[in-house]
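I would like the atomic coordinates for the input below:
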Amino acid sequence: MFQLQKSFCASFTTLASVLAFVAVPSFSATRCVSSSGSGCLQTINQALSASAPGDIIRVQAGIYNESVTITQPISLIGDGRDRVIINALGLANGIFVDGTSAAPNSGITGVVISGLTVENANFEGILVANATSVTINNNQVVQNNRSLNFSAGQCPGIPAFETNEGEDCGEGLHLMAVDHSVVSNNIVKNNSGGILISDETGPNHDNIITGNTVSNNVYDCGITLASHAPATLSGLKLPGGVYHNTISGNTSSGNGTQGGGAGVGIFAPSPGTKNYGNVVVNNTLTGNGQPGVTMHNHAAPPNAPAVNLDDNAIIGNQISGNAADDGDATTPGTAGIDLFSKAPVNGTIITGNTILSQQIAVAVNIPSGTVQVHLNNLQTTAGVNNLGAGKIDASNNYWGCSAGPGNYGCAGVVGTVTVGPVATSPF
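Residues are numbered from 1 along each chain as shown. Prediction:
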């Protein structure tokens, strides 16, 4: 019996030793940064150099004149966005979460950025490339894109992997090839453009952009979802695509007033680009230099790679006081929502929106496909304007009066639009 017990105990001890070796708990370290010293490191970059994956860097109040590049999972937490300033004047970016320098297609996971002001960068205030599960919360991103020469449409020195950013220097906050990440409760203002979601270095999908205030980014859109030509380093022959992103509960106002930009823009501009299955829900979109929501494609030549601008949903937004669309997508008056495409578009849903103080609530110009427009409050001059050959089912909307289009005081329709039945009161 004793021998058996001894043998059992020896086996258990050996097993425990092995488990202890392979499953030692990993504890993150917390490092402090203070511009005045005070027992902390004096720069954020010093803290990054000393950190291991999973560490937390806490930044005390002060001004930090540096550009920060993050290449491993860390949390960068400031002591309040009104108290901690990363001033990147004369530098490329304020913060660059760089997953492009990792092994091919591996990217970076689990970065958190919170409680900071990021300002004065030549390009983006915050750039995140090739990353998963990133959280960007409660920051201010202001007065970046300083290298932009707007009159020339150029951003000298911007990296080659940003294939379509020469006209806006990448905007204030840019997610490129990012998935399953959250951008929430940030203030993004006075940059060339606000928040950009794009796919130059890989697919961009399943992100949530919520509760942000995006304002006075006068050269471009407030929030942009754009499929672009692939960068060489991506190894892609066609764009990765922008899809299944949710834009919710944001305020986007006063953007694009000098350069032409929407409150929210969804763009698949050229052959092979893909921007589909995104949801724009419960946002307030006012006073922008193009319609509150614009969806564009500008080229569909024969035998070229197909464009996908399908299945986007515009739901429950408050839209007012935005400008007309322009260029080949020009609308005959100010517009709340504009869908323009040279390629067929299917599956677009526009529902539950309140659209006021616009000449046109919903403008559609597509060669084929069907757009569903239902349960909206369309209190404008023209409720729906069909400028193309596609079909529009606009039943069950409120047209600003109980009688429906064609009656005194009601929003009208232009072109071929299915209207009835109509709602007799606002939703």
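
Direction included, what does whichever strand or helix holds Leu127 pair against?
Using DSSP states H and E, Leu127 maps to strand 126-132. Paired with strand 126-132 in the same sheet, following DSSP bridges, are strand 95-98 (parallel), strand 108-109 (parallel), strand 173-179 (parallel).

what about the next helix or strand after the last one, average pLDDT?
Moving toward the C-terminus from strand 173-179, the first helix or strand encountered (DSSP H and E) is strand 182-184. Across strand 182-184, the average pLDDT comes to 98.

chain center to the following helix or strand past strand 182-184, what's the gap?
Sequence-wise, the next helix or strand downstream of strand 182-184 (DSSP H and E) is strand 187-189. Centroid separation for strand 187-189 versus its chain: 13 Å, with CA atoms, centre = their mean, to the nearest Å.

what's the answer for stretch 57-77, then?
Worked out by CA atoms, centre = their mean, stretch 57-77 lies 22 Å from the chain centre.

For Phe96, list the residues it contacts.
Phe96 makes contact with Ser67, Val68, Thr69, Ile70, Glu124, Leu127, Ala129 under the criterion CB atoms under 8 Å, 6 or more residues apart in numbering. C-beta: built from backbone N, CA, C; applies to glycine.

again, but for Arg31
Counting by CB under 8 Å, 6+ apart, Arg31 makes contact with Cys40, Leu41, Ala47, Ala50, Ser51, Asp55, Ile56, Ile57, Arg58.

one more time with 10 Å
Applying CB atoms under 10 Å, 6 or more residues apart in numbering to Arg31 gives the contacts 40-41, 44, 46-48, 50-51, 55-59, 74.

So which of these wins on neighbours?
For these, the largest number of neighbours (other CB atoms under 10 Å) sits with Val59, at 28 neighbours.

in the stretch 51-200 of the chain, what spans have low per-residue confidence?
Applying pLDDT under 70 to the stretch 51-200 of the chain flags the ranges 102-106.

Find the nearest non-adjacent residue to Ala382, please.
In this structure, Ala382 finds its nearest non-sequential neighbour in Ile360, 4.6 Å apart by CB to CB, 6 or more residues apart in numbering.

Test my guess that the one you found contacts Thr331.
Yes: counting by CB atoms under 10 Å, Thr331 is a contact partner of Ile360 at 5.9 Å.

what number of residues lie near Val419?
Per other CB under 10 Å, the neighbour tally for Val419 reads 20.

distance of it from Ser234?
Between Val419 and Ser234 the computed distance is 46 Å (CB to CB, to the nearest Å).

Helices along this protein, start to end?
Taking DSSP state H to define them, one finds helices in the chain at 2-22, 44-50.

hey, what's Val281 bridged with?
On the basis of DSSP bridges, Val281 is bridged to Ser248, Ile315.

And it, how close does it get to Gln358?
From Val281 across to Gln358, the span is 19 Å (CB to CB).

which residue sits closest to Cys32, ignoring its sequence neighbours?
Spatial nearest neighbour of Cys32, chain neighbours left out: Cys40 (3.8 Å); criterion: CB to CB, 6+ apart.

Surely that neighbour touches Tyr64?
No: here Cys40 lies out of contact with Tyr64, judged by CB under 10 Å, at a distance of 11.9 Å.

Can you point out the buried residues in stretch 418-427?
For stretch 418-427, the neighbour count (16 or more other CB atoms under 10 Å) marks Val419, Val422, Ala423 as buried.

Quick check on the last one: phi, psi?
The phi/psi pair for Ala423 (degrees, to the nearest 10) reads phi -80, psi 140.

try the first one
Recorded main-chain torsions at Val419 are phi -110, psi -50, according to degrees, to the nearest 10.

okay, now the closest residue to Ser227 other than its chain neighbours: neighbour count?
Once flanking residues are discounted, Ser227 sits nearest to Thr273: 3.7 Å by CB to CB, 6+ apart. When neighbours are defined as other CB under 10 Å, Thr273 has 27 of them.

returning to that earlier point: wait, which of the buried residues of stretch 418-427 is closest to Asn216?
Ala423 (35.5 Å; CB to CB).

Need the pLDDT of Asn317.
The per-residue pLDDT reported for Asn317 equals 98.

number of nearby residues for it?
Residues contacting Asn317 under the criterion other CB under 10 Å number 27.

can you pull the contacts of the residue lying closest to Asn120 once chain neighbours are set aside?
In space, and not counting its chain neighbours, Asn120 is closest to Leu89: 4.1 Å by CB to CB, 6+ apart. Shown in contact with Leu89 (CB under 10 Å, 6+ apart): Asn65, Ser67, Glu119, Asn120, Ala121, Asn122, Gln143, Arg146.

Scan these and report the most crowded one.
Neighbour max across those (other CB under 10 Å) = Ala121, 31 neighbours.

I'd assumed Ala92 was in contact with that one.
Yes: with contact defined as CB under 10 Å, Ala121 and Ala92 form a contacting pair (6.6 Å).

ok so, going back, most packed of the strands paired with strand 126-132?
Each of the strands paired with strand 126-132 was scored by mean neighbour count; the highest is strand 173-179, a mean of 28, by mean count of other CB atoms under 10 Å.

circling back to that earlier point, for the contacts of Phe96, could you give me a markdown table that also reports distance to Gly254?
Formatted as a markdown table, the contacts of Phe96 follow (distance: CB to CB, whole Å):
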| residue | distance to Gly254 |
| --- | --- |
| Ser67 | 28 |
| Val68 | 29 |
| Thr69 | 31 |
| Ile70 | 31 |
| Glu124 | 20 |
| Leu127 | 23 |
| Ala129 | 28 |
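
So which of those is surrounded by the most neighbours?
When neighbours are counted by other CB under 10 Å, Glu124 leads those with 34 neighbours.

now that residue: how far from Asp220?
Separation of Glu124 from Asp220 (CB to CB): 12 Å.

any common contacting residues for these two?
Shared contacts of Glu124 and Asp220, defined by CB under 10 Å, 6+ apart, comprise Asn145, Asp168, Cys169, Glu171, Gly172, Asn191, Ser192, Gly193, Leu196.

I'm done for today, thanks for sticking with me.
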